[in-house]
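Asks: Pasting the sequence and the predicted coordinates here, then a few questions.
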Amino acid sequence: MSAKHGLEGLSKVTALEGGAHGVSSVCINPGYVRTPLVEKQVADQMAVHGLSEAEVTEKVFLQMPARKEFVEPSDIAALASFLAGPHGHMATGASYVMDGGVDREMSTYDPSPPEVRGRSRRLEGQMTP
């Protein structure tokens, strides 16, 4: 996660400093992309857990995203082509998330147990509500 944030910062600085010279910089932040590496990881998880490919995909890899499917390389290529083409010239200093909704889900994710979810985590007596 910190590497992605570092690259986003570099991209924003590049966009700010390079903009006057016609330089654009953006980040594409994909989730799990269907690559040979991910397909091998799916197969490994199938063997370890005794699950089907569909079960591993949904329960292990894509538990969080709203869309229960891998990002396809062609999806990233299409966005990159748009951003690098004539219609993407004003896109600079931005990050484009392609993760099926994980990023959105994480912003509202509460890891606490269901019985205390949503309650304040302030220590009683140390902070006022």
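Replies: Alright, I've got the coordinates.
Asks: what residue ranges in the chain score low on pLDDT?
Replies: Applying pLDDT under 70 to the chain flags residues 1, 104-129.
Asks: switch the cut-off to 80
Replies: Flagging of the chain using pLDDT under 80 yields the residue ranges 1-2, 4, 65, 102-129.
Asks: Going by neighbour count, list what's buried in the lengthiest helix in it.
Replies: Of all segments of type helix in the chain, defined using DSSP state H, the longest is helix 2-18. For helix 2-18, a neighbour-count test (16 or more other C-beta atoms under 10 Å) marks Glu8, Ser11, Lys12, Thr14, Ala15 as buried. Heads up, the C-betas are built off the backbone N, CA and C, glycines and all.
Asks: so, if you compare those, which one comes nearest to Gly50?
Replies: Proximity of the buried residues of helix 2-18 to Gly50 (C-beta to C-beta) peaks at Glu8, which lies at 38.9 Å.
Asks: Quick one: residues contacting the closest one.
Replies: Neighbour list for Glu8: Cys27, Asn29, Ser95 [criterion: C-beta atoms under 8 Å, 6 or more residues apart in numbering].
Asks: Repeat the analysis, applying 10 Å as the threshold.
Replies: Going by C-beta atoms under 10 Å, 6 or more residues apart in numbering, Glu8 touches Ser25, Val26, Cys27, Asn29, Gly93, Ala94, Ser95.
Asks: just how off-centre is the longest helix of the chain within its chain?
Replies: Between the centre of helix 2-18 and the centre of its host chain there is 16 Å, according to C-alpha atoms, centre = their mean, to the nearest Å.
Asks: Over to stretch 86-97?
Replies: Distance of stretch 86-97 from the chain centroid (C-alpha atoms, centre = their mean) equals 17 Å.
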